[in-house]
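A.B. asks: Model the following, please.
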Amino acid sequence: MLRFEGSKDLPQTPAEVWNKLSDARFLVQCVPGMESVARAERTSAVCTLRPGFAFVRGTLELSLQVVDAVPDTSARLLLQTKGIGTTSEVEARWSVQPQGSGSRLTWSVEIKSLGGLLKAVPQGLIKATAQKVIDDALATVAAKVAAKPETS
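C.D. replies: Residues are numbered from 1 along each chain as shown. As a prediction, the model looks like this:
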């Protein structure tokens, strides 16, 4: 349906990046508009989010699954949202390779299906909104991957 792709250089090692990006507990904290987490495990999470777009009112339930994880290399993410009169299915793939003293994250996101009221939204608006969500999520991922764990 719609596909997005890109890459981002990060100062952390591939192992550090992979460890974060293959953990649904970490990823759910990077979702723009996330309000609460109902369940979070290493390979799956469910959260409630309030999207910041005019064409979706209220909240959405997001289910996220990490699948096909290859240690220190890649993973695939399956995302499904449900809201009042709306559904979506999205698949994201990413891989991480050494780049200098850090890593290069290469990613792709594909919107597989939109249901309910989302079918009526013009594709240009969906594309622009999806790109903003991806950009915001990647910025949050980069900041959180770079953050040092708190010590007590």
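A.B. asks: Name the residues that touch the lowest-mean-pLDDT helix or strand in the chain?
C.D. replies: Ranking every helix and strand in the chain by mean pLDDT, DSSP states H and E puts helix 123-146 at the bottom, with a mean of 92. Applying CB atoms under 8 Å, 6 or more residues apart in numbering, the contact partners of helix 123-146 are 2, 4, 8, 10-12, 16-17, 20-21, 26-27, 29-32, 51, 53, 55, 107, 109, 111, 114, 118. Quick note: C-beta positions are derived from backbone N, CA and C, even for glycine.
A.B. asks: what's the helix or strand for residue 63?
C.D. replies: strand 60-70 (DSSP states H and E).
A.B. asks: tell me what that strand is packed against?
C.D. replies: Packing contacts for strand 60-70, counted by 3 or more CB pairs under 8 Å, 6 or more residues apart in numbering; DSSP states H and E, involve helix 24-28, strand 44-49, strand 74-83.
A.B. asks: so what does the last one touch, helix or strand wise?
C.D. replies: In terms of contact count using 3+ CB pairs under 8 Å, 6+ apart, strand 74-83 is assigned the packing partners helix 14-21, strand 60-70, strand 86-99.
A.B. asks: Using CSV, please lay out the ones you listed together with mean pLDDT, distance to residue 39 and mean neighbour count.
C.D. replies: Below are the helices and strands packed on strand 74-83 laid out as CSV (pLDDT from 0 to 100; distance: least, CB to CB, whole Å; neighbours: other CB atoms under 10 Å):
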stretch, mean pLDDT, distance to residue 39, mean neighbour count
helix 14-21, 95, 19, 19
strand 60-70, 96, 9, 17
strand 86-99, 96, 19, 18
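A.B. asks: Cheers, nothing more for now.
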